[in-house]
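1. have a look at this prediction, sequence included:
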Amino acid sequence: MTATITSLLQPLKDRLAAATPGPWYAEKMRAHSDDVLAESEDGPIVIAEHAGCDAEFIAAAPTDQAKLIAAVEAAEALAAAWLARGESLKSFAKASPEDVQDSLNDQGDDLLWHANLVRSALTQALGGDTA
């Protein structure tokens, strides 16, 4: 069974929701040591000690992951809209005058092709089966 984009995103969303709330930030706590901390009601919590050059990357991870999830969901919503419009055009073509049926079918097919191309690329990028 081919996984849906929603099901492929869910583990990412779950990990993000389970992470220590933020904001996260990098701070030099000791000489030659960059740590990653998160703000909490009780004050800063150390997320990673001695993170060094990775501190900024780690600190930005929750925000970056949320943005990437939102971008994938936006692309999926666009693909869904193209798919619906393509199907609508093909359906409308059946009841249209003969001289415009081919044009409407071609436009519908084009939208369906692009929608499926986007969905396939997203699924593959998220590690799902595109076969």
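-> Thanks, I have the structure now. Residues are numbered from 1 along each chain as shown.
2. give me phi/psi at Gly127?
-> Backbone geometry at Gly127, expressed as degrees, to the nearest 10, gives phi 90, psi 20.
3. list the residues that contact the closest residue to it other than its chain neighbours.
-> Leaving out its chain neighbours, the residue that sits closest to Gly127 by Cβ to Cβ, 6 or more residues apart in numbering is Leu8, at 6.7 Å. To be clear about C-beta, it is placed using only N, CA and C from the backbone, and glycine gets the same treatment. Leu8 makes contacts with Thr123, Leu126, Gly127, Gly128, as judged by Cβ atoms under 8 Å, 6 or more residues apart in numbering.
4. again, 10 Å this time
-> By Cβ atoms under 10 Å, 6 or more residues apart in numbering, the contact list for Leu8 reads Val72, Leu122, Thr123, Ala125, Leu126, Gly127, Gly128, Asp129.
5. show me which residues of the helix or strand it falls within are buried.
-> In the assignment (DSSP states H and E), Leu8 maps to helix 5-18. If you call a residue buried by 16 or more other Cβ atoms under 10 Å, then helix 5-18 has these buried ones: Ile5, Leu8, Leu9.
6. closest to Ala80 among the residues you listed?
-> Lowest distance from Ala80 to the buried residues of helix 5-18 (Cβ to Cβ) belongs to Ile5, with 9.6 Å.
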